[in-house]
Every structure is written in structure tokens, then in C-alpha cells.
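A.B. asks: Dropping a prediction and its sequence here:
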Amino acid sequence: MLERSKAGFSVLAAASVLYSALFGGFSVPAAPSAPASAFAVTAEETEPVAETTGITAETTTETTTATTVTTAVSADDTETEQESTTETTSETTTETTTETTSETTTETTSETTTETTTVTTAVPLLDPVLDAEFDEGYPTSDTVLHLKMHDAPGISAIGISVTLPEILTADAGEGDVCTFTLSEAFDADNLFTYYNAETHVLSIVCAGMDTAAEGEELGSITLHIAEAADFGKQYPVKLMLSSLALADGREYALIERTVSFVPAESPLRTLSETELTVSAVGEPIPLSLSPEPPAGSCTWVSSDPETVSVDENGQAVCLQEGYAEITVTCEKRSYTCKLTVRFDRSLNADTMYANDDGDTLQLALKPVPDAALTWASSDPSVLSIDENGLAAAHRGGEVTVQVSSDVFEYAFPFRVVILREISELSHTFSERGQTAQLSLIPAPLDPVTWTSDDPEIAEVAEDGTVTPKKNGSTLIRAFCEEREYTCMVTVYFPYSLNFTDYAVRKAGEGVSLALLPKEEGMPEAMWQSSDSTIAEVDQDGNVTVLRKGEAIIYCVAGGKTYTCHVSLLPYLRGDVDMNGEVDIADAQLALQYYTDLLALKPGNLAALPRLAADVNEDSVIGVEDASAILQYVTDVLAQKTPSWEEILSRSAGSDES
């Protein structure tokens, strides 16, 4: 209350000084209802006398001089006094005689009679007008108030009060004195300013002005625009010309005028960041607006100060994991930056190898967060996860493991591999007509795709059944759960030479060797003799025995070697068992060999025993040979000298009969 009393006293004192200067006393006169004034001005209109050189002229001039009528208007505008002067008529007669010589001498005789008439008329003067203009400004910024006085020449003293709207405020120092920038008209030593922050009234009083100063602006003051101001709205500013004294003697008091202040729309600015994800705490993040607003005009706020703090300069600091929005409000506009604080976490595994459906693996985040987690799998048929992060594998494949909490969410790619095996890593076929069944262990839930690299060697069915086709090797592939399994299949059908031991009776004889059975796609054979001086062989397998001795014929085909023993050696005819004598056993061997052939069994006689058994030398061991051998044994027992020619002849005769 004391400070307000002092402030009021200061205003009263300043007003007293002003009125003393204006009216010669400290009492405040009553305000006129319609202040107005006029100043008396006298003007003369004269018609000049013509000037003539070298001639004599007589001129009569009638001159009328008008004196302005002065009208004085009292303060209450109730009495009017008019003063009229006499009207004078002047008649002037002038006679001039001029003589001109080389040096130009003039003699003039003048006789003048003057009659003058004076008329007084009223010339009104404009009343001074107090006005105010504002620089452009928007909420939270500043504007400049320019006070101007129109049609007021020669101000000697003035008192002004300006009532501001609540959105406009001025800075006041000690004693509520504010800074008012003067024009040239003011005398700073006689200036008094006062700003009442409660009533928003700005008072300016100055006595002792420079009446010769030019220009309409009285001065200016900087005002702050409140954030509550609305763009484009008109706010009334009341101007009060409390007192005015002009150098021409006119005086005014208590004249009001209202102007408007309209806040401009603030410029649109850009926030340096609008969305950020931060993986570490404690590091400062400077935020700023562009173009840069006036200092102190912005307010920075964090939606969650415990997660992200921000100071008055826009520097944010992440304190813990979470989410916060940093909002800066400037010039009645707001800008927001979304900040997510999330550690660079990883999953403890990216692949799960399971031996069977239902195998489990405990999943976890690294580093471990201090928050409740929610786990989910993008495909539970491949991998299911419970609420504690325990994962169970069901089939091979790829999924996305999703981990979230109240403040973060992660998505990790994850692969499930079931450790299956193919039933056989390799398989060899050695007999025609065989098949093999391949499968995956354990049996998968998903279908298996089977393929053969070379179906001409071995083909595979949709169920994994492999059928050999011809000799060779190929890979059988099984595709399941994005993995591949293989089995190496080798097809080796056995071949054999038609003879493995062959003997001839005389040089020049031979045999044709061949791999059996003959079939399409069988391997090509290459032939060679161990001793080409005893037996030679061509590339078609034809063997010729050249002399007595033994040789081995080699056949190489499909990476395998086959052999045949050939010879030209003496032997005892009919001695099938090669024991040096012909007996019943030899007949039995010959007959057994024949019986095996009839039963489609390979004979077990070597080359020389076969030659000995073929007593009729027809290259076939049959019943005739067995009978001839038995007859030979009978002749020996009868102490006859057996003869193969006679025995064979008798046998032939019997056959003929």
C-alpha cells in the first residue's frame, strides 16, 4: 500500500508541475465539453504599381486592404465576440515623367490620394490529434508503441496517459519509472514517466518542450505481448491527452481517443528433431527451433520427466527406458519431438536346433530389462512361446519372435531346425529288380520332396522309394523344412564272362569271350592278354590260342576287371576228375555236369575236365559222353583194350539203329 501511495504521489506531483507550466497554478481546471481554438491572423493583399521606362504614364490605382476578423471562442462555447474595422476606400492618382539619357536619368512627379477599406474575417485552425501506432508483433514477442501528435505545432508542455490492454505490458524500474524513447521535442530533464502494472496505465508528462522541433512523433516505448494474445484480434488502447499547451497560446485538457492493437500471427518454425530413438541414457540431446525465436520466448516441457528431462534451453537428457514427448511452445505455437529410449537389446539365440517335436529352449533378452515382458511367435505351428519365454519347436522354418513391455517392443528373426536324418546316407544296388525305401528320421509333419540328380541311373518316387536303372552313381535328395538331406546311390549290376576257364585241343583254336548279360547302357569292355605269344585277344573279345601253354585274358569294364584262363595242354580223354584214370566217377561227373545244365545251373567243371569229358568232341557234354565213358570203363573191366573210336562208332551205330 505504501508503494502504491508513493506511485500515486509521483503522478500527482508530475501533473501539478505540468499544470503549473500551463496555467500558472496547481489547480486542475474543469474539462471543456468540446475543446477548440482559433488564432487571429492578418493578411494584406496589394496590387503593385506598374513600372514604365522612357514614357510618361498616368495611373489610377484603387487598393483595398483587408484586415482579418478575429473570432475568440470561450471554453464553454457560449459567447462570440466579433470585431470589425472601418472600411476605407483609397483612390490614388500617379503622374510620372521620365527622361532617358545615355546615363538614364529619371524624374518623377507623383501626387497620390489614398482611400483604404479594412475587412476582418475568421480563419479556423485544426485541433491537434493524439495518435498511436504499433510495430508488428505476435504473442510472447515485443512490439513498439509510437506516440504521435498531428496538427500540433510548437508544443510547450504535454501530459499523456495510455491505458493498455492486459496483453500488453511495459517494463518499469524503481518507482515505476519506465523507459520512454524521446523525440527531439522533449526536454529529458523535464520528462516524467510512470507505469502502473496493476492498471496497465502508462503516464508521460513533460514541461519545457522545444517548440521549434519538427515532426509528429513524440517518442516510443517497447511493450511485451502476452502469450494469451490471439492472432488477428483487436485490443483497444485508450489514449488520454490529459493536458496540452501550444506555443501559439492554445490549451487543451482531457481529450480521449481509442486505437487498436492487433497481434500478428507468429511465423512457423521448424523443430530440429521430431522423432528420435535413443539407445543410451545420460547423453544430452540439444533441440532447437529454426529460425531461432527471441531469447526466453519459448517454454519446454517433457510429458515424462522421469524418462526424459528438458531444460529451458531445449536440451533433453534421457534418464531411463521409456517414451516421452518434448513439447516447445513459442509465440503461441507448439512443436513436439517424440523420444523413445530403448536399449540395443538382442535375443539370446537366433536359431533353435531340436531333435524332435516339442523340444524346448529358454529365450531371454540381453541385457535383461527390469520390466514385465510379453512373448509371441509369428507362427506357433513352427515355434510356440509361453508367457515366460520358453520356446517349443514343432517343425523347421523361420518365424519372428516378438518381445514387448510397457516401454519397448522388439522383433527378432528366429530359425527352427529339426535335427533330422535321412534313413541311409548311401545305398548300393547289386541285383536287378531291387528297390530301396528312404525316409527322414524323425518323420516330419511337413511333406518331403524327393528328387534324383540322374533318374536314368536311379529314380525316386514321392514316398522316397528308389529304383535302380543302370550302373552308375547319383544323389537322391530330400527337401523338408528348408533343409536338404542326401543319399548317395550306387548301382552296380554284376557282369560275368561267358567263360572263366577255356582249353583247346590244338593250336589255332580259340573262343569268343563276352560280358553277360548284354543290355543297353552296359559299360564298354577293354581286352588284354597276359601272354600274347600263347593266346591273343582282339577288342571284341575273340581269343586265339597260338601254342601250348597258359594265358589269362583280362576284360576291364565299368571299373571292374574280369578274367578268363585259356590253355593248350595234353589231357587223358574221359578222365573228368583228372586223377590219371578213367573210371565210373568220371562218367558220374559228366552226367552231373549235363544234369546241372538242364537245371540251368552253371557247371562246376574247369576247362580241362570239360575237354576230357567231351569224349565225342562235339563241344557239348551230354549223355553220349557219359555213356561212352561208362563203356570205356566196362571194356577195361572185361580186360579188353578199349578204343574211343570203336566205342564212339558203336555208340553212333546204336543211335542210328
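C.D. replies: Cool, got the structure.

A.B. asks: residues contacting the nearest residue to residue 226 once chain neighbours are set aside?
C.D. replies: Nearest non-adjacent residue to residue 226, counting by C-beta to C-beta, 6 or more residues apart in numbering: residue 167, 4.3 Å away. In short, each C-beta sits where N, CA and C put it, glycine included. Counting by C-beta atoms under 8 Å, 6 or more residues apart in numbering, residue 167 makes contact with 139, 225, 226, 228, 229, 235, 263.

A.B. asks: Residue 461 too?
C.D. replies: Residue 461 neighbours (C-beta under 8 Å, 6+ apart): 450, 467.

A.B. asks: May I have the beta-bridge partners of residue 308?
C.D. replies: Taking DSSP bridges as the rule, residue 308 bridges to residue 318.

A.B. asks: in terms of contact, does residue 291 touch residue 267 like I think?
C.D. replies: Yes - using C-beta atoms under 8 Å, residue 291 is in contact with residue 267, at 7.3 Å.

A.B. asks: more neighbours, the two?
C.D. replies: Under the neighbour definition other C-beta atoms under 10 Å, residue 291 and residue 267 were set side by side, and residue 267 has more, 12 against 8.

A.B. asks: any low-confidence regions in the stretch 201-350 of the chain?
C.D. replies: Applying pLDDT under 70 to the stretch 201-350 of the chain flags residues 208, 210-215.

A.B. asks: one step back: hmm, which of the contacts of residue 167 are the buried ones?
C.D. replies: Buried by 16 or more other C-beta atoms under 10 Å: 139, 225, 229, 235, 263, out of those.

A.B. asks: and which of those is nearest residue 443?
C.D. replies: residue 139 (75.9 Å; C-beta to C-beta).

A.B. asks: wait, doesn't the closest one sit right on residue 229?
C.D. replies: Yes - with contact defined as C-beta under 8 Å, residue 139 counts as touching residue 229 (4.4 Å).

A.B. asks: residues shared between the contacts of those two?
C.D. replies: When C-beta under 8 Å, 6+ apart defines a contact, the residues bordering residue 139 and residue 229 alike are 167, 263, 332.

A.B. asks: check contacts around the last one.
C.D. replies: Right, the one you point to is residue 332. Applying C-beta under 8 Å, 6+ apart, the residues near residue 332 are 138, 139, 140, 227, 229, 231, 266.

A.B. asks: could you dump the contacts of residue 167 to CSV with secondary structure?
C.D. replies: Putting the contacts of residue 167 into CSV (DSSP: H, G, I helix; E, B strand; the rest coil) gives the following:
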residue, secondary structure
139, coil
225, strand
226, coil
228, coil
229, coil
235, strand
263, coil
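
A.B. asks: before we move on, back to that, okay if I get the shared contacts of residue 139 and residue 229 as JSON lines plus distance to residue 560?
C.D. replies: Shown next, in JSON lines, are the shared contacts of residue 139 and residue 229 (distance: C-beta to C-beta, whole Å):
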{"residue": "167", "distance to residue 560": "109"}
{"residue": "263", "distance to residue 560": "105"}
{"residue": "332", "distance to residue 560": "98"}
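
A.B. asks: What lies in contact with whichever strand or helix holds residue 597?
C.D. replies: Assessed by DSSP states H and E, residue 597 sits inside helix 584-598. Applying C-beta under 8 Å, 6+ apart, the external contacts of helix 584-598 come out as 574-577, 579, 602-605, 609-610, 612-613, 621-623, 625-627, 629-630, 633.

A.B. asks: Narrow these to those that are buried.
C.D. replies: Here, 16+ other C-beta under 10 Å leaves 574-577, 603, 605, 609-610, 612-613, 621-622, 625-627, 629-630, 633 buried among those.

A.B. asks: wait, residue 505 sits on residue 619?
C.D. replies: No - the criterion here is C-beta under 8 Å, and residue 505 misses it with residue 619 at 10.4 Å.

A.B. asks: check contacts around the closest residue to residue 525 other than its chain neighbours.
C.D. replies: With C-beta to C-beta, 6+ apart as the criterion, residue 525 has its nearest non-adjacent residue at 4.1 Å, and that residue is residue 557. Residues near residue 557 by C-beta under 8 Å, 6+ apart: 495, 515, 522, 523, 524, 525, 526.

A.B. asks: pLDDT and secondary structure for those residues - can I get that in a markdown table?
C.D. replies: As requested, the contacts of residue 557 are exported to a markdown table (pLDDT from 0 to 100; DSSP: H, G, I helix; E, B strand; the rest coil):
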| residue | pLDDT | secondary structure |
| --- | --- | --- |
| 495 | 84 | coil |
| 515 | 89 | strand |
| 522 | 81 | coil |
| 523 | 82 | coil |
| 524 | 89 | coil |
| 525 | 92 | strand |
| 526 | 95 | strand |
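
A.B. asks: between those, which is nearest residue 650?
C.D. replies: Nearest to residue 650 among those is residue 515, at 42.3 Å by C-beta to C-beta.

A.B. asks: Could you report the neighbour count for the closest one?
C.D. replies: A total of 20 residues lie near residue 515 under the criterion other C-beta under 10 Å.

A.B. asks: ditto for residue 399
C.D. replies: By other C-beta under 10 Å, neighbour count at residue 399 equals 22.

A.B. asks: repeat for residue 538
C.D. replies: Residue 538 has 11 neighbours, counted by other C-beta under 10 Å.

A.B. asks: residues in contact with it?
C.D. replies: By C-beta under 8 Å, 6+ apart, the residues touching residue 538 are residue 527.

A.B. asks: begin at 671 from here
C.D. replies: Let's use 671 as the start, then, which means that last one is residue 1208.

A.B. asks: and it, backbone torsions?
C.D. replies: phi -90, psi -180 (degrees, to the nearest 10).

A.B. asks: confidence score at it?
C.D. replies: Note for residue 1208: predicted pLDDT of 96.
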